[in-house]
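Visitor: model the structure of this input:
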Amino acid sequence: MLPKYQVVLQWPADSIDDYDALVAIENLLIENLSSDNRTDGHDAGSGEMNIFIYAQHPQKAFEEVKSVLGGHDCWKDLRAAFRKVKDKPFTPLWPPGLNGFKVS
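Guide: Next up, the predicted model:
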């Protein structure tokens with residue numbers, strides 16, 4: 001079944017150490033997300049880094065992410081949003097009250 005949504009996890013980034021942390025976080029997600037949610041790589045640049053996840057149900061996928069990363073140091077800086085695959089506008093998921101989201 002083709003995924004309906006793309007969930008994006010985003011953090012600020014400004015060093016190679018941030019990139020190494022991104023890869024470690026992505027590996028945690030690969031190891032712990034259910035088969036309904038599939039990581040689809042990452043990118044970094046323009047002061048941000050992102051992990052992409054394909055999901056059928058974005059809110060459920062985010063709950064899984066939260067259960068994996070909620071106690072991790074990275075959680076305090078996390079921003080997250082989702083959109084339908086191939087659509088432009090993102091719907092913010094985290095943190096509460098986030099009004100806009102974009103991937104540079």
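Visitor: now the element after the top helix by length along the chain, going C-ward?
Guide: Secondary structure of the chain per DSSP state H: the longest helix is helix 16-32. Scanning forward in sequence from helix 16-32 by DSSP states H and E, the next helix or strand is strand 37-45.
Visitor: list the buried residues for that next one?
Guide: Within strand 37-45, the residues scored as buried using 16 or more other CB atoms under 10 Å are 37, 39, 42, 44. For the C-beta atoms, the positions are set from N, CA and C on the backbone; glycine is no exception.
Visitor: what's in contact with the longest helix of the chain?
Guide: Here helix 16-32 makes contact (CB atoms under 8 Å, 6 or more residues apart in numbering) with 9, 11-13, 39, 41-42, 44, 49, 51, 53, 64-65, 68-69, 72, 74.
Visitor: are any of those residues buried, and which?
Guide: Of the contacts of helix 16-32, these count as buried by 16+ other CB under 10 Å: 9, 11, 13, 39, 42, 44, 49, 51, 53, 64-65, 68-69.
Visitor: including distance to Thr91, could these go into CSV?
Guide: Formatted as CSV, these follow (distance: CB to CB, whole Å):
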residue, distance to Thr91
Leu9, 14
Trp11, 19
Ala13, 23
Thr39, 20
His42, 21
Ala44, 23
Met49, 20
Ile51, 17
Ile53, 14
Glu64, 17
Val65, 15
Val68, 21
Leu69, 20
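Visitor: show only the entries of those residues found in helices.
Guide: Among these, the members that lie in helices (by DSSP H) are 64-65, 68-69.
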